[in-house]
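Visitor: for reference, the sequence and a predicted model appear below.
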Amino acid sequence: MKRFLGVVVFSLSLLLFGCSTDTTKEDREGVVVATTGQIADAIKAISGGHLQVSALMGPGVDPHLYKATQSDLSKLDKAEVIFYNGLHLEGQMLDIFEQMSKSKSVLAVGETLNKSDLLASDDDAMLHDPHIWFDIELWKGVVQAIGTKLQEEYPEFKDDFVANEKEYLKQLDELQVYAKNRVNEIPEKQRILVTAHDAFNYFGRSQGFDVLGLQGLSTDSEYGVKDVQEMVNFLVANKIKAIFIESSVSDKAMKAVIEGAKEKGHDIVIGGELFSDAMGAEGTKEGTYIGMYQHNIDTIVDALK
Ligand code: ZN
(Lines give C-alpha, C1' and ligand atoms only; values in the text may rest on other atoms or scores of the structure.)
Protein backbone atom coordinates (compact mmCIF):
# COMPACT_ATOMS: atom_id res chain seq x y z
CA MET A 1 0.00 0.00 0.00
CA LYS A 2 2.80 2.34 1.02
CA ARG A 3 4.62 1.62 -2.19
CA PHE A 4 1.52 2.19 -4.26
CA LEU A 5 0.98 5.62 -2.65
CA GLY A 6 4.55 6.54 -3.45
CA VAL A 7 4.00 5.73 -7.10
CA VAL A 8 0.83 7.81 -7.18
CA VAL A 9 2.54 10.80 -5.59
CA PHE A 10 5.45 10.49 -7.98
CA SER A 11 3.17 10.35 -11.02
CA LEU A 12 1.21 13.33 -9.77
CA SER A 13 4.32 15.43 -9.41
CA LEU A 14 5.34 14.44 -12.92
CA LEU A 15 1.96 15.61 -14.12
CA LEU A 16 2.24 18.86 -12.25
CA PHE A 17 5.83 19.76 -12.93
CA GLY A 18 7.20 17.31 -15.45
CA CYS A 19 5.65 18.87 -18.52
CA SER A 20 7.32 22.24 -18.15
CA THR A 21 10.90 23.29 -17.62
CA ASP A 22 9.80 26.69 -16.29
CA THR A 23 10.27 27.14 -12.59
CA THR A 24 6.92 27.91 -11.02
CA LYS A 25 6.61 30.42 -8.16
CA GLU A 26 5.95 27.49 -5.76
CA ASP A 27 9.25 25.87 -6.68
CA ARG A 28 11.34 28.89 -5.92
CA GLU A 29 13.78 28.73 -3.07
CA GLY A 30 14.21 32.45 -2.47
CA VAL A 31 17.84 32.60 -3.60
CA VAL A 32 18.83 36.22 -4.25
CA VAL A 33 22.37 37.40 -5.11
CA ALA A 34 23.74 40.96 -5.02
CA THR A 35 27.13 42.20 -6.12
CA THR A 36 27.97 44.63 -3.29
CA GLY A 37 27.47 44.35 0.45
CA GLN A 38 25.47 47.59 0.47
CA ILE A 39 22.85 46.15 -1.85
CA ALA A 40 22.77 42.77 -0.06
CA ASP A 41 22.24 44.58 3.25
CA ALA A 42 19.15 46.39 1.93
CA ILE A 43 17.76 43.11 0.53
CA LYS A 44 18.32 41.39 3.89
CA ALA A 45 16.60 44.22 5.76
CA ILE A 46 13.54 44.04 3.49
CA SER A 47 13.36 40.24 3.20
CA GLY A 48 13.55 39.77 6.97
CA GLY A 49 14.79 36.18 6.75
CA HIS A 50 12.35 35.02 4.05
CA LEU A 51 15.08 34.88 1.39
CA GLN A 52 18.62 33.49 1.13
CA VAL A 53 20.67 36.57 0.35
CA SER A 54 24.37 36.69 -0.49
CA ALA A 55 26.85 39.26 -1.80
CA LEU A 56 29.62 38.41 -4.26
CA MET A 57 31.97 41.15 -3.08
CA GLY A 58 33.19 40.89 0.50
CA PRO A 59 35.17 43.29 2.72
CA GLY A 60 38.05 45.11 1.04
CA VAL A 61 36.94 44.15 -2.47
CA ASP A 62 37.18 46.83 -5.15
CA PRO A 63 34.08 46.60 -7.39
CA HIS A 64 35.63 48.62 -10.25
CA LEU A 65 38.26 45.94 -10.88
CA TYR A 66 36.34 42.89 -9.70
CA LYS A 67 36.12 39.92 -12.03
CA ALA A 68 33.65 37.12 -11.32
CA THR A 69 35.18 33.87 -10.06
CA GLN A 70 33.98 30.41 -10.99
CA SER A 71 32.14 30.19 -7.68
CA ASP A 72 30.44 33.56 -8.37
CA LEU A 73 29.23 32.25 -11.71
CA SER A 74 27.69 29.23 -10.06
CA LYS A 75 26.04 31.46 -7.42
CA LEU A 76 24.65 33.72 -10.15
CA ASP A 77 23.46 30.67 -12.02
CA LYS A 78 21.53 29.38 -8.98
CA ALA A 79 20.08 32.80 -8.13
CA GLU A 80 16.45 33.55 -8.94
CA VAL A 81 16.95 37.30 -8.78
CA ILE A 82 20.21 39.24 -9.23
CA PHE A 83 20.76 42.81 -8.07
CA TYR A 84 23.75 44.93 -9.03
CA ASN A 85 24.66 48.59 -8.67
CA GLY A 86 25.03 49.47 -12.35
CA LEU A 87 26.12 52.92 -13.60
CA HIS A 88 29.28 51.07 -14.57
CA LEU A 89 30.41 50.36 -10.99
CA GLU A 90 30.96 46.67 -11.76
CA GLY A 91 32.90 47.54 -14.92
CA GLN A 92 34.26 44.02 -15.50
CA MET A 93 30.96 42.16 -15.09
CA LEU A 94 28.60 43.78 -17.60
CA ASP A 95 28.69 40.89 -20.08
CA ILE A 96 27.74 38.45 -17.34
CA PHE A 97 24.71 40.50 -16.29
CA GLU A 98 23.59 40.80 -19.89
CA GLN A 99 23.89 37.05 -20.33
CA MET A 100 22.07 36.31 -17.05
CA SER A 101 19.23 38.70 -17.86
CA LYS A 102 18.19 36.46 -20.76
CA SER A 103 17.08 33.74 -18.38
CA LYS A 104 16.32 35.43 -15.06
CA SER A 105 15.38 38.63 -13.30
CA VAL A 106 18.31 41.05 -13.11
CA LEU A 107 18.03 44.60 -11.76
CA ALA A 108 20.66 47.36 -11.87
CA VAL A 109 19.46 49.36 -8.86
CA GLY A 110 21.32 52.55 -9.78
CA GLU A 111 19.66 52.64 -13.19
CA THR A 112 16.23 52.96 -11.54
CA LEU A 113 17.05 56.43 -10.16
CA ASN A 114 16.23 59.69 -11.94
CA LYS A 115 19.21 60.63 -14.08
CA SER A 116 18.77 64.26 -13.01
CA ASP A 117 19.54 63.24 -9.39
CA LEU A 118 22.86 61.66 -10.40
CA LEU A 119 26.24 63.35 -10.59
CA ALA A 120 27.90 63.43 -13.99
CA SER A 121 31.17 61.64 -14.55
CA ASP A 122 34.33 62.92 -16.20
CA ASP A 123 35.52 59.35 -16.70
CA ASP A 124 35.20 58.25 -20.35
CA ALA A 125 33.86 54.82 -19.42
CA MET A 126 30.90 56.06 -17.41
CA LEU A 127 28.17 58.67 -17.79
CA HIS A 128 27.35 59.02 -14.12
CA ASP A 129 29.14 58.69 -10.81
CA PRO A 130 28.18 55.20 -9.56
CA HIS A 131 28.86 55.75 -5.80
CA ILE A 132 25.18 56.40 -5.07
CA TRP A 133 25.06 54.76 -1.61
CA PHE A 134 26.74 57.78 -0.02
CA ASP A 135 23.71 60.02 -0.54
CA ILE A 136 21.21 58.60 1.96
CA GLU A 137 18.22 60.18 0.16
CA LEU A 138 19.29 58.59 -3.14
CA TRP A 139 19.90 55.28 -1.41
CA LYS A 140 16.36 55.36 -0.05
CA GLY A 141 15.24 55.39 -3.70
CA VAL A 142 17.37 52.30 -4.29
CA VAL A 143 15.87 50.58 -1.24
CA GLN A 144 12.38 51.28 -2.59
CA ALA A 145 13.31 49.90 -6.01
CA ILE A 146 14.64 46.74 -4.34
CA GLY A 147 11.44 46.47 -2.29
CA THR A 148 9.23 46.78 -5.35
CA LYS A 149 11.21 44.13 -7.21
CA LEU A 150 11.10 41.69 -4.29
CA GLN A 151 7.33 42.16 -3.94
CA GLU A 152 6.91 41.35 -7.64
CA GLU A 153 9.12 38.29 -7.44
CA TYR A 154 7.86 36.92 -4.13
CA PRO A 155 4.24 38.14 -3.72
CA GLU A 156 3.67 35.55 -0.97
CA PHE A 157 5.79 37.70 1.41
CA LYS A 158 4.49 41.06 0.27
CA ASP A 159 3.01 42.22 3.59
CA ASP A 160 6.24 41.50 5.48
CA PHE A 161 8.38 43.13 2.79
CA VAL A 162 6.28 46.30 2.86
CA ALA A 163 6.50 46.54 6.66
CA ASN A 164 10.25 45.82 6.72
CA GLU A 165 10.97 48.36 4.01
CA LYS A 166 9.05 51.03 5.91
CA GLU A 167 11.05 50.28 9.06
CA TYR A 168 14.38 50.33 7.18
CA LEU A 169 13.57 53.66 5.51
CA LYS A 170 12.82 55.05 8.98
CA GLN A 171 16.27 53.89 10.17
CA LEU A 172 17.84 55.62 7.16
CA ASP A 173 16.06 58.86 8.10
CA GLU A 174 17.51 58.53 11.60
CA LEU A 175 20.95 57.93 10.09
CA GLN A 176 20.65 61.17 8.11
CA VAL A 177 19.80 63.10 11.29
CA TYR A 178 22.78 61.50 13.06
CA ALA A 179 25.10 62.44 10.19
CA LYS A 180 23.89 66.05 10.03
CA ASN A 181 24.33 66.50 13.78
CA ARG A 182 27.84 65.11 13.73
CA VAL A 183 28.93 67.11 10.66
CA ASN A 184 27.83 70.28 12.46
CA GLU A 185 30.71 69.68 14.89
CA ILE A 186 33.18 70.62 12.12
CA PRO A 187 33.67 74.34 11.36
CA GLU A 188 32.35 74.93 7.82
CA LYS A 189 35.66 75.90 6.24
CA GLN A 190 37.26 72.67 7.52
CA ARG A 191 34.72 70.48 5.73
CA ILE A 192 37.13 69.23 3.09
CA LEU A 193 37.34 65.48 2.54
CA VAL A 194 40.46 64.13 0.83
CA THR A 195 40.51 60.43 -0.10
CA ALA A 196 42.33 57.94 -2.33
CA HIS A 197 39.72 57.80 -5.10
CA ASP A 198 36.64 59.80 -6.05
CA ALA A 199 34.09 57.72 -4.16
CA PHE A 200 32.72 60.53 -2.00
CA ASN A 201 31.15 63.05 -4.39
CA TYR A 202 27.61 62.08 -3.36
CA PHE A 203 28.70 62.16 0.24
CA GLY A 204 30.10 65.66 -0.28
CA ARG A 205 26.97 66.89 -2.04
CA SER A 206 24.59 65.54 0.59
CA GLN A 207 26.64 66.27 3.71
CA GLY A 208 28.14 69.61 2.65
CA PHE A 209 31.82 68.74 2.09
CA ASP A 210 34.24 69.74 -0.62
CA VAL A 211 35.68 66.47 -1.84
CA LEU A 212 38.98 65.64 -3.48
CA GLY A 213 40.17 62.20 -4.57
CA LEU A 214 43.61 61.36 -5.89
CA GLN A 215 42.33 58.83 -8.38
CA GLY A 216 39.23 59.28 -10.51
CA LEU A 217 35.78 57.74 -10.16
CA SER A 218 37.15 54.32 -10.95
CA THR A 219 40.28 52.88 -9.38
CA ASP A 220 41.30 51.68 -12.85
CA SER A 221 42.27 55.26 -13.71
CA GLU A 222 45.96 56.12 -13.54
CA TYR A 223 47.42 58.78 -11.34
CA GLY A 224 50.89 60.23 -11.69
CA VAL A 225 53.54 62.27 -9.94
CA LYS A 226 51.76 65.41 -11.17
CA ASP A 227 48.49 64.41 -9.46
CA VAL A 228 50.31 63.72 -6.21
CA GLN A 229 52.10 67.09 -6.45
CA GLU A 230 48.86 68.97 -7.18
CA MET A 231 47.19 67.35 -4.23
CA VAL A 232 50.14 68.20 -1.97
CA ASN A 233 49.92 71.86 -3.06
CA PHE A 234 46.20 71.91 -2.40
CA LEU A 235 46.60 70.40 1.07
CA VAL A 236 49.37 72.81 2.04
CA ALA A 237 47.49 75.86 0.68
CA ASN A 238 44.30 74.89 2.53
CA LYS A 239 46.13 73.82 5.73
CA ILE A 240 44.33 70.48 5.70
CA LYS A 241 45.21 68.42 8.72
CA ALA A 242 43.90 64.97 7.87
CA ILE A 243 43.33 62.82 4.79
CA PHE A 244 41.69 59.40 4.62
CA ILE A 245 42.56 55.97 3.31
CA GLU A 246 39.97 53.49 2.02
CA SER A 247 39.50 49.85 2.93
CA SER A 248 39.26 48.76 -0.72
CA VAL A 249 42.13 50.87 -2.14
CA SER A 250 45.90 50.64 -1.50
CA ASP A 251 47.20 53.35 0.89
CA LYS A 252 50.53 53.71 -0.95
CA ALA A 253 49.60 56.85 -2.89
CA MET A 254 48.14 58.62 0.13
CA LYS A 255 51.36 57.95 2.05
CA ALA A 256 53.28 59.59 -0.80
CA VAL A 257 51.01 62.62 -0.47
CA ILE A 258 51.71 62.87 3.26
CA GLU A 259 55.47 62.61 2.59
CA GLY A 260 55.23 65.32 -0.08
CA ALA A 261 53.44 67.70 2.30
CA LYS A 262 55.98 66.98 5.01
CA GLU A 263 58.81 68.05 2.67
CA LYS A 264 56.97 71.37 2.36
CA GLY A 265 56.83 71.68 6.13
CA HIS A 266 53.15 70.76 6.49
CA ASP A 267 52.20 67.85 8.70
CA ILE A 268 49.16 65.80 7.72
CA VAL A 269 47.87 62.71 9.47
CA ILE A 270 45.84 59.80 8.18
CA GLY A 271 42.45 60.57 9.70
CA GLY A 272 41.46 56.92 9.57
CA GLU A 273 40.20 54.26 7.21
CA LEU A 274 36.89 54.83 5.44
CA PHE A 275 34.68 52.21 3.87
CA SER A 276 34.19 53.56 0.38
CA ASP A 277 33.21 50.86 -2.11
CA ALA A 278 33.19 47.83 0.20
CA MET A 279 31.69 47.41 3.64
CA GLY A 280 33.28 45.91 6.76
CA ALA A 281 33.34 42.24 7.75
CA GLU A 282 30.05 40.43 8.19
CA GLY A 283 28.99 40.30 11.83
CA THR A 284 30.70 43.63 12.67
CA LYS A 285 28.95 47.00 12.92
CA GLU A 286 30.68 48.16 9.73
CA GLY A 287 29.39 45.07 7.94
CA THR A 288 26.00 46.81 7.65
CA TYR A 289 25.18 49.85 5.54
CA ILE A 290 24.06 51.92 8.51
CA GLY A 291 27.08 50.89 10.63
CA MET A 292 29.46 51.63 7.76
CA TYR A 293 27.98 55.08 7.23
CA GLN A 294 28.17 55.89 10.94
CA HIS A 295 31.78 54.70 11.04
CA ASN A 296 32.67 56.97 8.12
CA ILE A 297 30.89 59.98 9.63
CA ASP A 298 32.50 59.44 13.05
CA THR A 299 35.97 58.92 11.55
CA ILE A 300 35.71 62.03 9.35
CA VAL A 301 34.27 64.28 12.06
CA ASP A 302 36.71 63.15 14.76
CA ALA A 303 39.68 63.86 12.47
CA LEU A 304 38.56 67.19 10.99
CA LYS A 305 36.71 68.95 13.83
ZN1 ZN B 1 34.76 53.59 -6.31
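Guide: Nice, thanks for sending it over.
Visitor: look up how far the ion lies from L212.
Guide: To the ion, L212 is 14 Å away according to C-beta to the ion, to the nearest Å. C-betas here are computed from N, CA, C, even on glycine.
Visitor: average pLDDT across the helix or strand hosting that residue?
Guide: Per DSSP states H and E: L212 is located in strand 210-215. The predicted model assigns strand 210-215 a mean pLDDT of 92.
Visitor: who's in contact with it?
Guide: With contact meaning C-beta atoms under 8 Å, 6 or more residues apart in numbering, strand 210-215 is reached by 191-201, 203-204, 221, 223, 227-228, 231, 234, 249, 253-254, 257.
Visitor: using the three-state scheme, assign the spatially most central residue of the chain.
Guide: In the chain, the residue lying closest to the centroid (C-alpha atoms, centre = their mean) is Q38, at 3.9 Å. The three-state label given to Q38 by DSSP: H, G, I helix; E, B strand; the rest coil is helix.
Visitor: who's in contact with it?
Guide: With contacts defined as C-beta under 8 Å, 6+ apart, Q38 is in contact with 85, 133, 139, 279, 289, 292.
Visitor: span of stretch 51-64 from start to end?
Guide: 27 Å (C-alpha to C-alpha, to the nearest Å).
Visitor: just to revisit the earlier point, need the worst-confidence member of the contacts of Q38.
Guide: Out of the contacts of Q38, that is M279, at 95.
Visitor: next, it: phi, psi?
Guide: phi -90, psi -180 (degrees, to the nearest 10).
Visitor: just to revisit the earlier point, quick one: strands adjacent to the strand holding L212?
Guide: strand 192-197 (parallel) (DSSP bridges).
Visitor: avg pLDDT for the partner strand?
Guide: 94.
Visitor: which strands and helices lie in contact with the helix or strand following that strand?
Guide: Remark: after strand 192-197, the chain's next helix or strand is helix 201-207, criterion DSSP H and E. Judged by 3 or more C-beta pairs under 8 Å, 6 or more residues apart in numbering; DSSP states H and E, helix 201-207 is in contact with helix 136-153, helix 158-183, strand 210-215.
Visitor: can you redo these as a markdown table with mean neighbour count?
Guide: A markdown table is the format used below for the helices and strands packed on helix 201-207 (neighbours: other C-beta atoms under 10 Å):
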| stretch | mean neighbour count |
| --- | --- |
| helix 136-153 | 20 |
| helix 158-183 | 15 |
| strand 210-215 | 19 |
